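Enquirer: A predicted structure for the sequence below; I have some questions about it.
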Amino acid sequence: MKRRFPRYLLVPLIIALISIPAGFFYVNWNKSGDGAGLYSRDWQPEAIFAYWNPKDFYRSVDTVVGEFTGKQCVECHQAVTPGVVNDWSKSRHATPANGQPAVFCSDCHGSNHQDLHLPTPDVCGNCHDKQHREFVAEKRYGFPSHSLAMERALDAKHFADKPKAEVTACLQCHSVASKCDSCHTRHLFSAAEARRPEACITCHSGPPHPDDETYFNSKHGQLYLAEGQNWDWSKALVKGNYPAPTCAYCHMDAGKHQVAGKSIWKFGIKQVNPLTSGNEVRRKQWINLCADCHEKDWSAARLKEMDAERKAAWNKLYKAEGILKSLRSDNLLFPSANQRPPYAMDSKDSVFQYEHIGFFEGQASAFYNVSAIERDYFEMWYFNNLTAYKGSAHGDISFVNKGHEAMDRSLETIEKKADRLRYIGDIEKNPEKRKDKKSNDENLWLKGEYTQFNRENN
Amino acid sequence: MKRRFPRYLLVPLIIALISIPAGFFYVNWNKSGDGAGLYSRDWQPEAIFAYWNPKDFYRSVDTVVGEFTGKQCVECHQAVTPGVVNDWSKSRHATPANGQPAVFCSDCHGSNHQDLHLPTPDVCGNCHDKQHREFVAEKRYGFPSHSLAMERALDAKHFADKPKAEVTACLQCHSVASKCDSCHTRHLFSAAEARRPEACITCHSGPPHPDDETYFNSKHGQLYLAEGQNWDWSKALVKGNYPAPTCAYCHMDAGKHQVAGKSIWKFGIKQVNPLTSGNEVRRKQWINLCADCHEKDWSAARLKEMDAERKAAWNKLYKAEGILKSLRSDNLLFPSANQRPPYAMDSKDSVFQYEHIGFFEGQASAFYNVSAIERDYFEMWYFNNLTAYKGSAHGDISFVNKGHEAMDRSLETIEKKADRLRYIGDIEKNPEKRKDKKSNDENLWLKGEYTQFNRENN
Amino acid sequence: MKRRFPRYLLVPLIIALISIPAGFFYVNWNKSGDGAGLYSRDWQPEAIFAYWNPKDFYRSVDTVVGEFTGKQCVECHQAVTPGVVNDWSKSRHATPANGQPAVFCSDCHGSNHQDLHLPTPDVCGNCHDKQHREFVAEKRYGFPSHSLAMERALDAKHFADKPKAEVTACLQCHSVASKCDSCHTRHLFSAAEARRPEACITCHSGPPHPDDETYFNSKHGQLYLAEGQNWDWSKALVKGNYPAPTCAYCHMDAGKHQVAGKSIWKFGIKQVNPLTSGNEVRRKQWINLCADCHEKDWSAARLKEMDAERKAAWNKLYKAEGILKSLRSDNLLFPSANQRPPYAMDSKDSVFQYEHIGFFEGQASAFYNVSAIERDYFEMWYFNNLTAYKGSAHGDISFVNKGHEAMDRSLETIEKKADRLRYIGDIEKNPEKRKDKKSNDENLWLKGEYTQFNRENN
């Protein structure tokens, strides 16, 4: 007997057949707005985005008409933008080794002046295939990584939620995924340049990632500052070639265009177990690297110190997190989630409003519309903690001390404010005083014009 | 009939004839004290002022007697201060081009060793006329400007009001108006030196003007740091001569000794309309300048981003200012203006005491004798706001983020404190509690020893 | 008649004869623990301590067996750690002047590969006797000084009290007493290197000692940054050899390996009388030094400004100290000393608990287990005060302003919190309200897990 298609599967099948393409359609529709990414319908690109995210937004200038050869570009731009031509003239593109043909402007930008483009990594990858493949391969390690920097920024809910002026500031660095001149500045595109720490620290500086400050304060950095001008930067980043390491020496072994694979502590933003088997492999990589110059025992002891520092830091952070969670369970956070505008763009929050406390609950987006005590924790976690971490990782102990002192101070403030919130909570149970308290609910803070303004104007 | 001088005009005329010269006399009398400027009678110069304001205060050392020729100066000082002579020997003063005579010590300092002077810009202007005229011409753009820096400092009320040790610190930088070696250090007086950013950042650093930090964090600054040692600094600051710009390249077009004329946002301390016709002219100047290396569209987009950042910043600042003004109208600032010593030197304030809130009401002088919430606003405006502004202007986005995060934090603190002041205000209406409150009025803060001390000792 | 030994002296004599050796025995016993110093029984060394304090803790790697000549070391390590060999090859150790024999690896580290040592200053002193004697002689000036840095760290009570991860961070810099490569980095050991500021600022940076920041912001530092690459660093640090001074030029006259003897203000951590006869001698030394380049009057005026700045700073600090002491006498510090765990390791404190306020009462150890208002004072004294001091000492006036602004802000916060503590104190006298207050006593802060944790785990 021929088996019939079971009738009870029919309805689910039809639903699936409809909802799967509908889902695809919905995501595509979301992505088809004026912006880019999952929330492309909720924001408009700024003019400057053309330069941070050229693939999506760059439109060629149309004031000059015509098709030009590379040599013609050079001739004209020698007068218009001589600095650009000077740089190119000194580059390997202008005078390649081994009798290869020169790489002209038009090879990367196109030759139709009304349809020029800013080269994306793909364009560079046409010739620099190995580097490009290494760079793209980084995606498999997730974020943080260079090659996912733009995508993850655009797909983040707070991209549409934050004031545009601040989001734009973020994009400048996240553009590292969209173009190679973040590290190899145009139009010299020099490998020697990118070996130096300055190539990295335009982005890697400031409170949440003081790589800049901590490297330069370290003995490594001090040696670079005092003597680096006399080192031979044309040499590869391998054992014996440099008196002291730079960012790329340690993080991009022998020039490998991929930094995410060696990361143990993942930017220090969450606690990890540094002793998983995967991390043990990475630890060995690090110890071998340090052993280019140091005793292996030294290197191992250093890593162990970093573990100890991280453990001490997370003891403090979890203590603070515990206080906030306990306030939340007792309904004592003030203003509470439902006294504030919901986290913008977060459909879940608009239904079930909820304080995000700590990394795993999404603290990372807690820049805005948070209560004072939540901001204290945010800063403790994102600024003080990372000050200590980067100090420990790069051997700048003044930052270890500074970060821990600041964490102690934050913890104290949080404890103090928690006491006060509990005290106010007690008062609220007294209905007579509750009335006074009510007036507070109408304060500026709760109106949330901030979020409202951004939603309407982004 | 001959017209008689109308009798009713006689009294006003006599008053005018007396009061106008009396006014002049009064101002002159004020300026004739031991100090300098409008409040010269309210402070005594410190020894170091001789070096920051030589025109008014330098007195020659009188231990060496005699008249000396330039060559004699050099011979003797070769032994006494060889570093000074070494510098001079390398300068164009020692070996001028075109067979001109050398410029010796005595040409600038005089030859009578008991009547030496420290050269003011006028002295340098004797030869460097173009530069001097440009420098002086800056005065027409008002303050902030280099050439008014000393005058405006000395004529400010808070010059006599602030502790001398801190005012002296201010004068060191404001001496840029009084002598040329702030930028061209003695005795090399090199143009090449002043082209480099270091010439500017001895003064242009720190919280209210982090030009230093933001330039060096920018890609421009990173290129300078990595490669600037190899650039040819003898070249003029014009298109094509430098791979990346320095302070002077952008702010002193082609070496023009005047920086105030191009300023749109005026140091970021007040909101301006960036689109006035005057500012449109300046925007074009900037865009043309950026186009030495960048696309014009890029430059325009960048300026637009700065406008957006400024607008976002002022939204936050005005929100804070509004809260303070509202507290003031409800008489809730604590301690209030009349519970504190009046702003010193401010005769108006001693009669009608009044909180100064925001730039246009004189917030700039609010370093001292302010209540906690006013200090929060002062720091938000003067430090956090300018952190963000300079980051935006110089392309260091970590400072944009840092400044805005700090402004959000400040705004939150101000809102919190405002709530508390309103709460205390409510308690005060209850006379029973008012009594408790009274005791607070006798606290340390209100006694104002700070101001009293300075008035008696300045 | 023969005098008998007076019987009444017998008991005290016996007690003395027993207790003196017992005291020695007790101290020795204390020092004989696993750690080092007076509290050696209260902590265990971390692996990294082997490198910061090699005399006490370094144990040779035992993976390679054998005795090796210096040449053999070089041959093998050319492959294993080529960077180390490269450095050595460029050093005077490899090619000494005057036909002296080369100094090989084995001369400093030993030749038995299972019993290698890290060279302590004594080892270097075998050849560099003058420098070593100067370095050791510093001990007579007490602490702060380089040569006592390790000893005083290990003998400090809070060494055993603080979390190990943070103490380890301290030791990295304090290791300056234990090994010469803090300043002359291995294996070049170059005098030229140590003449440059980078040699010092790996340690001399950060909030309590921003020597780094303030030197580089000063005109001296700016000249070094712009032009130092072209100076001849092989020259001695004496008059006429350098266009601008570095740390060592001013603090180590003509290369003398001793910095403590010239110190007037002793790191700025306590108020001193700058005009004692001893300090007058030091002032003359400074003025003479400045006169290598500047007028003597200028130098004297500068020092006077520093006195004025220090006086202004201590006026503020004593005002804050006074508030805290007054709270303490009125028993209003909260949490009070006896509501908190005693200062760990402090036997006195465990009997008679007592708030430490100000430098002379031991504020220096007040990093931990302090109340909020004490931390405010600690930061005001240790961070803000020293920001201003170093700015004044090194001619970076932006730090003078920043430090004083921060002290004003701290003083204000302390006054505010003091008001609040007095207010709470009043409430406590009302027994009805006291009950509410009680609940606060059980808060997290008072449990002191922090100290408990460290005591059990250090």
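Expert: Yep, it's here. Numbering: from 1, shown residues only, chains lettered A, B, ... in the order given.
Enquirer: Give me the phi and psi angles of whichever residue of the stretch 251-400 of chain A sits closest to chain B.
Expert: Using CB to the nearest CB, A:A372 is the residue of the stretch 251-400 of chain A that sits closest to chain B, at 5.7 Å. Placement of C-beta: from N, CA and C, glycine included. Phi and psi for A:A372, reported as degrees, to the nearest 10, are phi -60, psi -40.
Enquirer: neighbours of it, just the number please.
Expert: By the criterion of other CB atoms under 10 Å in any protein chain shown, A:A372 has 19 neighbours.
Enquirer: Which strand or helix spans the nearest residue to A:D42 once chain neighbours are set aside?
Expert: Leaving aside its chain neighbours, A:D42 sits nearest to A:A160 (3.9 Å; criterion: CB to CB, 6 or more residues apart in numbering or on different chains). Using DSSP states H and E, A:A160 sits in helix A:157-161.
Enquirer: Identify all contacting residues around whatever helix or strand comes next after that helix.
Expert: Sequence-wise, the next helix or strand downstream of helix A:157-161 (DSSP H and E) is helix A:164-174. The contact list for helix A:164-174 (CB atoms under 8 Å, 6 or more residues apart in numbering or on different chains) reads A:43, A:46, A:48-49, A:52-53, A:149-150, A:152-153, A:159, A:182, A:202-203, A:454, A:457-458, B:305, B:308-309, B:311-312, B:391-392, B:395, B:397, B:400-401, B:404.
Enquirer: Could you list the low-confidence segments of chain A?
Expert: Counting by pLDDT under 70, chain A shows low-confidence ranges at A:1-2, A:335, A:338-350, A:363-369, A:424, A:426-458.
Enquirer: related to what we said a few turns ago, mind listing what the residue of the stretch 251-400 of chain A closest to chain B touches?
Expert: Taking CB under 8 Å, 6+ apart, one finds A:417, B:412-413, B:416 in contact with A:A372.
Enquirer: which element is the residue nearest to A:A418 when sequence neighbours are not counted on?
Expert: Leaving aside its sequence neighbours, A:A418 sits nearest to A:I323 (CB to CB, 6+ apart; 4.9 Å). Using DSSP H and E, A:I323 sits within helix A:296-329.
Enquirer: Which strand or helix spans the closest residue to A:C180 other than its chain neighbours?
Expert: Nearest residue to A:C180, sequence neighbours excluded (CB to CB, 6+ apart): A:C124, at 4.8 Å. Counting by DSSP H and E, the secondary-structure element that holds A:C124 is helix A:121-125.
Enquirer: what comes up buried for that helix?
Expert: Going by neighbour count (16 or more other CB atoms under 10 Å in any protein chain shown), the buried part of helix A:121-125 is A:121, A:123-125.
Enquirer: can you dump the C-alpha coordinates of it into CSV?
Expert: Extracted in CSV, the C-alpha atoms of helix A:121-125 (Å, rounded to 0.1, in the frame of the first residue of the first chain):
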residue,chain,number,x,y,z
PRO,A,121,39.9,45.0,1.6
ASP,A,122,38.7,42.9,-1.4
VAL,A,123,40.4,45.3,-3.8
CYS,A,124,43.7,45.0,-1.9
GLY,A,125,43.2,41.3,-1.7
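Enquirer: Which secondary structure elements does that helix sit against?
Expert: If contacts are counted by 3 or more CB pairs under 8 Å, 6 or more residues apart in numbering or on different chains; DSSP states H and E, helix A:121-125 sits against helix A:129-137.
Enquirer: Residues contacting the helix or strand following the helix it packs on, please?
Expert: Sequence order places helix A:149-154 as the next helix or strand after helix A:129-137, per DSSP H and E. Residues from elsewhere that reach helix A:149-154, judged by CB under 8 Å, 6+ apart: A:35-40, A:52-53, A:143, A:159, A:170-171, A:173-178.
Enquirer: Write out the residues of the stretch 151-300 of chain A neighbouring chain C.
Expert: Counting by CB under 8 Å from any CB of the partner chain, the residues of the stretch 151-300 of chain A close to chain C are A:217-219, A:222-223, A:225-227, A:229, A:239-240, A:242-243, A:291-298, A:300.
Enquirer: List only those of those flagged as buried.
Expert: Among those, the ones that count as buried by 16+ other CB under 10 Å are A:217-219, A:222-223, A:225-227, A:229, A:239-240, A:242-243, A:291-295, A:297-298, A:300.
Enquirer: For the closest residue to chain B within the stretch 201-350 of chain A, give me its contacts.
Expert: With CB to the nearest CB, the shortest gap between the stretch 201-350 of chain A and chain B falls at A:G206, namely 3.2 Å. A:G206 makes contacts with A:212, B:217, B:398-399, B:401-402, as judged by CB under 8 Å, 6+ apart.
Enquirer: Farthest pair within the residues you listed?
Expert: The span of the contacts of A:G206, defined through CB to CB, is set by A:D212 and B:N401 at 14.3 Å.
Enquirer: Who has more neighbours out of those two?
Expert: Higher neighbour count among A:D212 and B:N401: A:D212, with 25 against 21, using other CB under 10 Å.
Enquirer: Run through the residues that contact the residue nearest to the more buried one when sequence neighbours are not counted.
Expert: Leaving aside its sequence neighbours, A:D212 sits nearest to A:S205 (CB to CB, 6+ apart; 3.4 Å). Residues in contact with A:S205 (CB under 8 Å, 6+ apart) are A:211-213, B:217, B:398.
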